[in-house]
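> what follows is a predicted structure for the sequence shown.
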Amino acid sequence: MRWLDRLLGRETPAIDVKARMAEAYDLAGRGEYTAALDMWAELAHAGVPRAQNNVGACFAEGLGVERDLALARRWLELAAGNGDPVGQRNLAALHFKGEDRAPDFAEAARLYRAAAEQGDGVSQDMLSWMLLEGEVIERDVLEARRWAEAAAKQGVAAAMTRMGMLHHDALGVPRDPAEAVRWWRRAAERGDAAGQAMLGAAMIMGAGVEADPIEALAWLLRAQAGGSALAAQYLPAARNPLDSAGLSEAARRAAAPLPDPGPLDPPAGQAT
């Protein structure tokens with residue numbers, strides 16, 4: 001009886017959710033996941049959707065607790081059912097990977113779409129990829145482009161690389177090598193290895209951008225260091241025309257910090 005608790009001064013004080021979440025994030029940022037998980041668990045049991053997601057994510061990744069995909073799924077289902085977009089995204093990943101049960105790509109796509117419609121950039125990017133590949137759900141190039149552009153506008157570099165490929169391959173848009181390069185440069189400057197590889201390849205061939213073998217090699221070296229398997233295909237073509245001074249200059253540029261990408265400007269021909 002809450003009125004009796006209030007009368008006798010026994011009522012539990014209300015939880016300051018925002019402050020508690022911030023404190024838990026601070027602990028997690030310092031690697032103190034066990035302490036962060038204790039705080040998130042309290043909030044999760046109180047019905048806070050993002051805390052439910054965070055508890056599920058900790059069980060999914062084994063952060064501060066032994067990895068347990070069954071418990072991860074339980075908490076992520078609660079978060080997703082309560083409308084948390086990150087919970088929907090993380091639950092979608094469980095369905096997609098199928099580590100604890102058979103993959104369910106249709107359910108993964110449904111959850112990614114639910115999160116994407118709430119503005120989650122990572123989910124927009126993943127949904128775009130699934131729609132473009134067409135391997136596990138029906139292919140839809142126009143929808144893939146729509147979600148890639150939405151994710152790119154939020155700064156998701158992988159989506160920018162995909163936008164470049166759409167313009168390069170004329171998928172749902174007219175072929176435009178220059179626009180492809182603009183997207184690849186945006187992705188490359190934000191550290192996306194695939195975007196760096198494609199930008200380097202375009203600079204070798206002078207496709208949509210002036211040919212520049214030194215700058216091409218610099219981007220390809222960055223891409224290779226970032227784990228792009230694609231870069232290796234183009235490295236010989238970038239190195240061949242260069243002398244030792246050019247090779248050294250490319251290596252120097254590749255080792256330098258990435259340029260400041262600046263604000264997200266809209267693609268050519270689109271209103272701000």
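The structure has been received and is ready for your questions. Numbers count the residues shown, from 1 in each chain.
> please count neighbours and contacts with C-alpha atoms only from this point.
OK.
> quick one: least confident helix or strand in the protein?
Using mean pLDDT, DSSP states H and E, the weakest-scoring helix or strand in the chain turns out to be helix 2-8, at a mean of 47.
> which element follows that helix toward the C-terminus?
Helices and strands here follow DSSP states H and E; after helix 2-8, the next one along the chain is helix 17-29.
> need the next SSE after that next one, C-terminal direction.
helix 33-45.
> how about that following helix: buried residues?
In terms of neighbour count (16 or more other Cα atoms under 10 Å), helix 33-45 has its buried residues at 33-34, 36-37, 39-44.
> and that helix, how far from the chain's centre?
25 Å (Cα atoms, centre = their mean, to the nearest Å).
> now the angle between helix 17-29 and it, please.
Counting by axes from the mean of the first three to the mean of the last three Cα atoms, to 10 degrees, helix 33-45 lies at 150 degrees to helix 17-29.
> what residue is smack in the middle of the protein?
Centre of the chain computed as the mean C-alpha position; nearest residue by Cα atoms, centre = their mean is Val122, 4.2 Å away.
> next SSE after the helix or strand Leu220 falls within?
Secondary structure from DSSP H and E places Leu220 in helix 213-225. Counting by DSSP H and E, the next helix or strand C-terminal to helix 213-225 is helix 231-239.
> show me how far that following helix is from its chain's centre.
For helix 231-239, the distance to the chain centre is 27 Å (Cα atoms, centre = their mean).
> cool, and stretch 241-260?
28 Å.
> going by neighbour count, list what's buried in it.
Result for stretch 241-260 [16+ other Cα under 10 Å]: buried residues 242, 246-247, 249-251, 253-254.
> got a list of contacts for it?
For stretch 241-260, contacts defined as Cα atoms under 8 Å, 6 or more residues apart in numbering pick out 189-191, 213-215, 217-219, 221-222, 239.
> buried residues in whichever strand or helix holds the residue nearest to the centre of the chain?
Counting by DSSP H and E, the element that carries Val122 is helix 121-133. For helix 121-133, a neighbour-count test (16+ other Cα under 10 Å) marks 121-132 as buried.
> could you figure out how far the first helix or strand past it going along the chain is turned away from helix 121-133?
Sequence-wise, the next helix or strand downstream of helix 121-133 (DSSP H and E) is helix 141-153. Counting by the same axes, to 10 degrees, helix 141-153 lies at 150 degrees to helix 121-133.
> so how far is helix 141-153 from its chain's centroid?
For helix 141-153, the distance to the chain centre is 13 Å (Cα atoms, centre = their mean).
> next SSE after it?
helix 157-169.
> of the contacts of stretch 241-260, which is the nearest to Leu63?
Checking the contacts of stretch 241-260 against Leu63 by Cα to Cα gives Gly191 as the nearest, at 26.2 Å.
> helix/strand/coil for the closest one?
Classification of Gly191 using DSSP: H, G, I helix; E, B strand; the rest coil returns coil.
> so what's the gap between the helix holding Val122 and the chain middle?
10 Å.
> can you show me the CA trace of it as PDB?
C-alpha atoms of helix 121-133 as PDB (Å, rounded to 0.1, in the frame of the first residue of the first chain):
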ATOM      1  CA  GLY A 121      21.900   4.600 -38.200                       C
ATOM      2  CA  VAL A 122      23.600   1.200 -37.700                       C
ATOM      3  CA  SER A 123      20.300  -0.600 -38.300                       C
ATOM      4  CA  GLN A 124      19.600   1.600 -41.400                       C
ATOM      5  CA  ASP A 125      23.000   0.600 -42.700                       C
ATOM      6  CA  MET A 126      22.500  -3.100 -42.000                       C
ATOM      7  CA  LEU A 127      19.000  -3.200 -43.500                       C
ATOM      8  CA  SER A 128      20.400  -1.400 -46.600                       C
ATOM      9  CA  TRP A 129      23.100  -4.100 -47.000                       C
ATOM     10  CA  MET A 130      20.600  -6.900 -46.600                       C
ATOM     11  CA  LEU A 131      18.300  -5.400 -49.200                       C
ATOM     12  CA  LEU A 132      21.100  -4.700 -51.700                       C
ATOM     13  CA  GLU A 133      22.800  -8.200 -51.400                       C
END
